[in-house]
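Enquirer: This is a predicted model, with the sequence first.
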Amino acid sequence: MFSSDYKKSKSEKTMETTTQQNIIAQGTKIVGDITSQGPFRIDGTIEGNVKTSGKVVVGKSGFIKGTLQGENADFEGKFSGKLILSGTLSLKSTAHIEGEVHISKLAVEPGATFNATCSMKGIVKSLSNEAIKTKTEQTQQKSEKQA
């Protein structure tokens, strides 16, 4: 009986550690690089590079100066630097973004400040490649009919 309870609590602990969110609290300043597999909530200041496969949420008091690489990000606070996301960047009305942005999707609420060079890839790129492929096939078919 004890061994089954032990196994259950051990697996629960493993599950908890893989889903926990990293939190940088308001009033905290980190200078340096951060790498993580989990999601982030940033209400403090980070000067450096942040790399994560999880979602990043930057609160109203949050500020990142440097490079942010991840999947998705929601901003209420400030960002200055290079932002690279494989997914969606969501900007709330209080967000202030400056720098270079590479994303797949962008959602911006009225009032947000977005002073950045922006490159969007992903679905748009796939559609343009599909359109090029279709045109090439149509051209080949016309050539074959004329021959």
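Expert: Right, received. Where do you want to start?

Enquirer: so Gly70 bridges to which residues?
Expert: Per DSSP bridges, the residues bridged to Gly70 are Leu85.

Enquirer: Also Arg41?
Expert: Ile23, Val57.

Enquirer: Could you verify my assumption that it touches Gln26?
Expert: No. Using CB atoms under 8 Å, Arg41 is not in contact with Gln26, being 10.6 Å away. All C-beta spots, glycine's among them, are computed from the backbone N, C-alpha and C.

Enquirer: out of the two, which sits in the more crowded spot?
Expert: Arg41 (17 against 13; other CB atoms under 10 Å).

Enquirer: ok, the more buried one - contacts?
Expert: 21-24, 57, 59 (CB atoms under 8 Å, 6 or more residues apart in numbering).

Enquirer: swap in Leu83?
Expert: Applying CB under 8 Å, 6+ apart, the residues contacting Leu83 are 67-68, 73, 89, 97, 99-103, 116.

Enquirer: Which of those fall within strands?
Expert: 67-68, 73, 89, 97, 99-103, 116 (DSSP state E).

Enquirer: same question for stretch 81-90, mean pLDDT?
Expert: Here stretch 81-90 scores 96 as its mean pLDDT.

Enquirer: What residues are bridge-paired with the closest residue to Thr35 other than its chain neighbours?
Expert: Distances taken as CB to CB, 6 or more residues apart in numbering place Lys51 nearest to Thr35, at 4.8 Å, with adjacent residues excluded. For Lys51, the beta-bridge partners under DSSP bridges are Thr35, Gln69.

Enquirer: Lys51 touches Ile64, doesn't it?
Expert: No. If you go by CB under 8 Å, Lys51 and Ile64 don't touch, sitting 11.9 Å apart.

Enquirer: Which one's more surrounded, those two?
Expert: Ile64 (30 against 14).

Enquirer: Looks to me like the more buried one is in a strand.
Expert: Yes. The assignment for Ile64 by DSSP: H, G, I helix; E, B strand; the rest coil puts it in a strand.

Enquirer: in terms of contact, does it touch Lys82 like I think?
Expert: No. Contact criterion CB under 8 Å: Ile64 and Lys82 do not qualify, at 10.4 Å.
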